[in-house]
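K.L.:
sharing a model prediction with you, sequence too.
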2 protein chains.
Amino acid sequence: MENIFTHEYFMKKALNEAHIAFEKGEIPVGVVVVVNDKVIARGHNLTEMLTDVTAHAEMQAITAAANFLGGKYLTGCTLYVTLEPCQMCAGALYWSQVSKVVYGAADDHRGYRAMGGKLHPKTEVVTGVMAEECSSLMKTFFQQRRR
Amino acid sequence: MENIFTHEYFMKKALNEAHIAFEKGEIPVGVVVVVNDKVIARGHNLTEMLTDVTAHAEMQAITAAANFLGGKYLTGCTLYVTLEPCQMCAGALYWSQVSKVVYGAADDHRGYRAMGGKLHPKTEVVTGVMAEECSSLMKTFFQQRRR
């Protein structure tokens, strides 16, 4: 039987979170955290609504996942995020020791690779999953803003 | 008249926060955020109590300061922290555009300089303020833990 729980399956759920952010006027980035093919946490960017630069989707989802698990480490978890994490979020992911990070669109300006940040050496990274959809949502957002 | 509001004056207040963390069994790092010689936010590491790797002193103080100011940017603010920020906190400070970061002890292993993170180009950095006191509190904490 075909496994329906592909990276695309969960990235669609992260994209759904990004769409919720979009509708709120927030930069559209979404996240889900998955363990054993189950979503245990989700989040979307809320920096404007919360007036808080730390309220990135990843940060909220890391906190929520730890809360769900009852422990601060996310070993055994995969975090799906529509955009390459920034250095703040990469730093939080580093501390969490998350097992896998799957991201959609690259962020060549403010992503952790450009900024010089690091994920944990034990964290596996998968890139470019539904990159086109993730990226075009961002582009649409900034185009609407400029109008 | 002598200005009592020196870097040492505010670092002592950050150290006081670090001592509160110590008493709670948390890695002893403390922060205050200052505008016009007034402390507008304070915080200490609460990663164990909150079971949350994102609950560093700086992260909480950035959120609290933005809350106090009613805006997400900390331009005009100085953040005093007893230990060199990690890449996560450096990333949050980057987004906040804080005007000045003053830290005590260097962290050659997990500090943002070693990890490759960046503060905002407009952020002035002052290092080594009461470094000895900040560092020895950390050392005492880890010595007690090993016993």
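P.N.:
Looks like it came in fine. A quick note: this is a predicted structure, and the numbers were derived from the prediction, not measured.
K.L.:
from here on, just use CA atoms for contacts and neighbour counts.
P.N.:
Fine.
K.L.:
just the element for residue A:12, please.
P.N.:
helix A:7-23 (DSSP states H and E).
K.L.:
which outside residues touch that helix?
P.N.:
Defining contact as Cα atoms under 8 Å, 6 or more residues apart in numbering or on different chains, one finds that helix A:7-23 is touched by A:27-32, A:42-46, A:80-82, A:102, A:104, A:129-130, A:134, A:137, A:141.
K.L.:
give the helix, strand or coil label for residue A:71.
P.N.:
Three-state assignment for residue A:71 (DSSP: H, G, I helix; E, B strand; the rest coil): coil.
K.L.:
pLDDT wise, what is the closest residue to it other than its chain neighbours at?
P.N.:
Of all residues not flanking residue A:71 in the chain, residue B:51 sits nearest, at 5.8 Å (Cα to Cα, 6 or more residues apart in numbering or on different chains). pLDDT recorded at residue B:51 is 97.
K.L.:
right, and residue B:51 touches residue A:70 too?
P.N.:
Yes. Residue B:51 lies in contact with residue A:70 (Cα atoms under 8 Å); the separation is 7.2 Å.
K.L.:
name the residue in these two with the higher neighbour count.
P.N.:
Between residue B:51 and residue A:70, counted using other Cα atoms under 10 Å in any protein chain shown, the more crowded position is residue B:51 (17 against 12).
K.L.:
ok so that one is a helix residue?
P.N.:
No. Read with three-state DSSP, residue B:51 is coil and lies in no helix.
K.L.:
residue A:60 versus the nearest residue to residue A:35 once chain neighbours are set aside, what's the distance?
P.N.:
Here the nearest residue to residue A:35 in space, its sequence neighbours aside, is residue A:77; by Cα to Cα, 6+ apart that works out to 5.0 Å. Note on residue A:77: its distance to residue A:60, by Cα to Cα, to the nearest Å, is 15 Å.
K.L.:
tell me which of the two has more neighbours.
P.N.:
residue A:77 (23 against 20).
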